[in-house]
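Asks: my questions are about this predicted structure, shown below with the sequence.
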Amino acid sequence: MAGHKSFIASLILVVGFYCIFEISKLIKTMAEVRHDWTKEQIAEIYHTPLLDLVYRAASIHRENKDYAEVQISSLISIKTGGCPEDCAYCPQAARYNTGVDVHAIMPKEEVVAVAERAKAGGASRLCMGAAWREVRDNRDFDKVIDMVKAVNELEMEVCCTLGMLTEAQAQRLADAGLYAYNHNLDTSEDDYKRIITTRTYDDRLQTLEHVRKAKISVCSGGIIGLGETTEDRISMLRTLSNLPQHPESVPINALVPVKGTPLAEQPRVSIWDMVRMIATTRIIMPKTVVRLSAGRTEMSTVEQAFCFMAGANSIFAGEKLLTTPNPSFDEDMAMFELLGLTPRKAFKNGRPEIKEIKEMSINEVI
Ligand code: SF4
């Protein structure tokens, strides 16, 4: 009888170890960086029962030793409004009457002052946005180059979002020490024409290619709540995850409807949709920084905690996100303390190579 009992105990032990081995193998497989996701595979993940989905994403996220670190990025609009593009969600498009406070490019000194305040508030990255269709080789671009160099000297990761870029312009930004370039896909290729008609999805992908070639870190994600279908969300994630290299950063934005834009009457996105998007992104792009972006003002601390659990590890902080409101640095710091999160330091993945740039005269670049 005693022998029988010890046989059963050994059997339970062996089965237990086998299960743990298989589960850890499964999590390891899940955390593999893949570039061949199918829409069906991503849809299956996206539609997993919510708590199972969060558990799976959290398990993958916890394979990363820095899982409790959250990067704080600050976003500044260096040139606001008057944009010729027609992005249906954007208050900066000249054709919509949104009352946005239009201003020309900011002086470098003001940008540096904002960067210093952001750094003091815990931000390790500064993202400078200009409402342009594309970069032009003119004096304004020279000013951006100077800003990139100046913010770099503050030991912050510098990011720009300036619209479409040529290969040469991307290289010029890289040479000045630009760390990252943001260029969102927004939605799926099929849905793109409903949201933007003044450029194509291919234009978007081409700029991402130019950024990648210049060895600048890629930041590209999307917005939910535009009236897209679930299939559109899945398709956009598939495009991002099947790029030759995953973007180092994927912002997931919830639409902030702005009066005067065509999407002003869109209903608020459900927090559970945000959690699903973040968790799915974390699972299919396990090494990527997933950024909880626009729409945070509408979220409680509990809702944001769910997003961090689902694998978000970056936020935009500061009073404004380009032109829409955002929680303050102090509120964010209180939330970090409550949730046991720490701000991620700059350049954890290495620094950009800064080259001596030959100053060009205006006649050479126009
Ligand atoms: S999202 Fe950018 S490109 Fe589109 S209208 Fe706004 S500023 Fe212009």
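Replies: Looks like it arrived, so ask away. Just so we're clear, the structure is a prediction, and the values are computed from it rather than from any experiment.

Asks: dump the residue contacts of Tyr96.
Replies: Going by Cβ atoms under 8 Å, 6 or more residues apart in numbering, Tyr96 touches 90, 260-262. C-beta: built from backbone N, CA, C; applies to glycine.

Asks: tell me the one among these nearest to Met147.
Replies: Of all those, Met147 sits closest to Cys90, with 22.2 Å by Cβ to Cβ.

Asks: in three-state terms, label the closest one for me.
Replies: Under DSSP: H, G, I helix; E, B strand; the rest coil, Cys90 falls in the coil class.

Asks: burial count for it?
Replies: With neighbours defined by other Cβ atoms under 10 Å, the count for Cys90 comes to 24.

Asks: wait, what's in contact with it?
Replies: So Cys90 contacts 83, 96, 258, 261 (Cβ under 8 Å, 6+ apart).

Asks: mind checking how far it is from the ligand?
Replies: Note on Cys90: its distance to the ligand, by Cβ to the nearest ligand atom, to the nearest Å, is 3 Å.

Asks: pLDDT value on that residue, please?
Replies: On pLDDT, Cys90 comes in at 95.

Asks: ok, Glu110 next?
Replies: 95.

Asks: element containing it, please.
Replies: helix 108-120 (DSSP states H and E).

Asks: kindly format the C-alpha coordinates of that helix as PDB.
Replies: The C-alpha coordinates for helix 108-120 follow below in PDB (Å, rounded to 0.1, in the frame of the first residue of the first chain):
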ATOM      1  CA  LYS A 108      15.200  76.400 -30.400                       C
ATOM      2  CA  GLU A 109      15.600  78.000 -26.900                       C
ATOM      3  CA  GLU A 110      11.900  77.400 -26.200                       C
ATOM      4  CA  VAL A 111      12.100  73.800 -27.200                       C
ATOM      5  CA  VAL A 112      15.200  73.300 -25.000                       C
ATOM      6  CA  ALA A 113      13.400  74.800 -22.100                       C
ATOM      7  CA  VAL A 114      10.400  72.400 -22.600                       C
ATOM      8  CA  ALA A 115      12.900  69.500 -22.900                       C
ATOM      9  CA  GLU A 116      14.600  70.500 -19.600                       C
ATOM     10  CA  ARG A 117      11.200  70.700 -17.800                       C
ATOM     11  CA  ALA A 118      10.200  67.300 -19.300                       C
ATOM     12  CA  LYS A 119      13.500  65.700 -18.200                       C
ATOM     13  CA  ALA A 120      13.000  67.100 -14.700                       C
END
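
Asks: can you list contacts of it?
Replies: The contact list for helix 108-120 (Cβ under 8 Å, 6+ apart) reads 74, 76, 78, 126, 128, 143, 146-147, 150-151, 154-156, 317-318, 329.

Asks: buried residues in it?
Replies: Buried residues in helix 108-120, counted by 16 or more other Cβ atoms under 10 Å: 108, 111-112, 114-115, 118-119.

Asks: pick the one among these closest to Ala305.
Replies: Ranked by distance to Ala305 (Cβ to Cβ), the buried residues of helix 108-120 are led by Ala118 at 23.4 Å.

Asks: can you pull the residues of the stretch 51-200 of the chain lying near the ligand?
Replies: Within the stretch 51-200 of the chain, the positions adjacent to the ligand are 83, 85, 87, 90, 92-93, 131, 163 by Cβ under 6 Å from any ligand atom.
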